[in-house]
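**Student:** take a look and give me a structure for this.
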Amino acid sequence: MTNKSLWKAFVWMAGGSVCLTLVDFFMKLIALEGVHPATAFFYATPLSLLIIYFLAGRSGGVKHHLVNAVPWAVLVRGGLMMSVSYLNFIGMMHNPYSQQVMIFQLSPILSGFLALLLLREGVGKHHLGVMALCLLGTWLVIDPRFGAGSWYLLLPLGAAISNAFVNVFVAANRDKATALGYTFYGMLLVAVVSGVIHFSWQLPSPDWKALLYCQLIGGLGVLGLASVTQAIQLAGEQGQTGKVALMYYVQMPVALVLGYFALQEVASNAALLGAVLILVAGISLPLRSGVQAVRAKRNQAD
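**Tutor:** As a prediction, this is how the structure comes out:
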């Protein structure tokens, strides 16, 4: 992959991250309306599937993106995606929006560690230090003794872990489906399971406002997931999954601004400190690997 292609991966990841931050925002608004997660996902997904089908036809053809996808790969990715979606939504029902996003910022760091494990590379002192910073940062955001969080913030932590597995799985199996293929079948699985829950439990349908939020979730979710998957696939070709995943951190300032102006949320000093520790820990990984790469090239030149 050329440097230009790697920058494309960064741009895809940044754009996808912003879209997914907005998805979380509208998910929070739906949660405030009292809509069940199964109902929200069921009503949000049909528009998503139509958009993906249209995009597939315009970029390589439906057969290329949807028919040629490997069933077991899209099924596994879909199951992980469903775990991320439900843990995230249920967390939004109980947690402040901006704090939940802070915890979810662990996802790229966890992706990097999982990538290391899959590549069977050793974990050095720096990685252990990053892990310690992440644990401390997470505790500062979650710790209810500071009056800023609760144990419900363990739900986005579970979502972050699931999302890390999604990223590494897609990177390792990028030849099994396209970005649109993975996204289409993942959302289809979420829609089927959510529909079964919605109708079997006889849950009420959303009102017009919640229905509008559902459509925004569906549309932005397609753009976000497809963009992130595209970025991960491009990064995986160069072995740069952990580095490109750093663009997830675009979510943090966007979430803080939305939380402050739209939801009147003000994070505590402890939670902000925890978020900064997570941010610093995550950024240090690719920066250190970049410095090591430059040094290695210099040594080879000498």
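**Student:** where in the stretch 151-300 of the chain is pLDDT low?
**Tutor:** 240-243, 245-248, 282, 285-300 (pLDDT under 70).
**Student:** show me where it has its helices.
**Tutor:** Ranges of helices within the stretch 151-300 of the chain are 154-172, 179-200, 208-238, 241-244, 251-263, 269-301, based on DSSP state H, counting those that start in this stretch.
**Student:** could you give the angle of the third one to helix 154-172?
**Tutor:** Same thing as helix 208-238. Computed by axes from the mean of the first three to the mean of the last three CA atoms, to 10 degrees, the angle separating helix 208-238 from helix 154-172 equals 40 degrees.
**Student:** distance from helix 208-238 to the middle of the chain?
**Tutor:** What separates the centre of helix 208-238 from the centre of its chain is 9 Å, taken as CA atoms, centre = their mean, to the nearest Å.
**Student:** check which helices and strands it is in contact with.
**Tutor:** helix 3-32, helix 37-58, helix 154-172, helix 179-200, helix 241-244 (3 or more CB pairs under 8 Å, 6 or more residues apart in numbering; DSSP states H and E). Placement of C-beta: from N, CA and C, glycine included.
**Student:** using JSON lines, please lay out these together with distance to A73 and mean neighbour count.
**Tutor:** Below are the helices and strands packed on helix 208-238 laid out as JSON lines (distance: least, CB to CB, whole Å; neighbours: other CB atoms under 10 Å):
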{"stretch": "helix 3-32", "distance to A73": "20", "mean neighbour count": "20"}
{"stretch": "helix 37-58", "distance to A73": "17", "mean neighbour count": "20"}
{"stretch": "helix 154-172", "distance to A73": "8", "mean neighbour count": "22"}
{"stretch": "helix 179-200", "distance to A73": "8", "mean neighbour count": "21"}
{"stretch": "helix 241-244", "distance to A73": "17", "mean neighbour count": "26"}
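**Student:** wait, which of these is closest to L223?
**Tutor:** With CB to CB as the measure, helix 3-32 is the member of those nearest L223 (4.6 Å).
**Student:** report all helices and strands that the closest one contacts.
**Tutor:** Helix 3-32 packs on helix 71-94, helix 97-104, helix 208-238, helix 241-244, helix 251-263, going by 3+ CB pairs under 8 Å, 6+ apart.
**Student:** nearest to I161, out of those helices?
**Tutor:** helix 71-94 (8.9 Å).
**Student:** in contact with the closest residue to Q100 other than its chain neighbours, which residues?
**Tutor:** Spatially, and ignoring its direct neighbours in sequence, Q100 is nearest to P156 (4.7 Å; CB to CB, 6 or more residues apart in numbering). Residues in contact with P156 (CB atoms under 8 Å, 6 or more residues apart in numbering) are 87-88, 91, 95, 100-101, 103-104.
**Student:** per-residue pLDDT, the residue lying closest to N167 once chain neighbours are set aside?
**Tutor:** Excluding the flanking residues, the one nearest N167 by CB to CB, 6+ apart is S111, at 4.4 Å. For S111, the pLDDT comes out at 76.
**Student:** one more: the one 3 residues further on?
**Tutor:** Among the per-residue scores, L114 shows a pLDDT of 78.
**Student:** which ones are touching it?
**Tutor:** Contacts for L114 (CB under 8 Å, 6+ apart) come out as 164-165, 167-168.
**Student:** ok, the nearest residue to F184 once chain neighbours are set aside - contacts?
**Tutor:** Spatially, and ignoring its direct neighbours in sequence, F184 is nearest to I52 (4.5 Å; CB to CB, 6+ apart). Going by CB under 8 Å, 6+ apart, I52 touches 180, 183-184, 187, 222, 226.
**Student:** quick one: these as JSON lines, columns for distance to V130 too.
**Tutor:** Converted to JSON lines, the contacts of I52 look like this (distance: CB to CB, whole Å):
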{"residue": "L180", "distance to V130": "33"}
{"residue": "T183", "distance to V130": "30"}
{"residue": "F184", "distance to V130": "35"}
{"residue": "M187", "distance to V130": "33"}
{"residue": "V222", "distance to V130": "33"}
{"residue": "A226", "distance to V130": "29"}
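**Student:** this completes my enquiry, with thanks.
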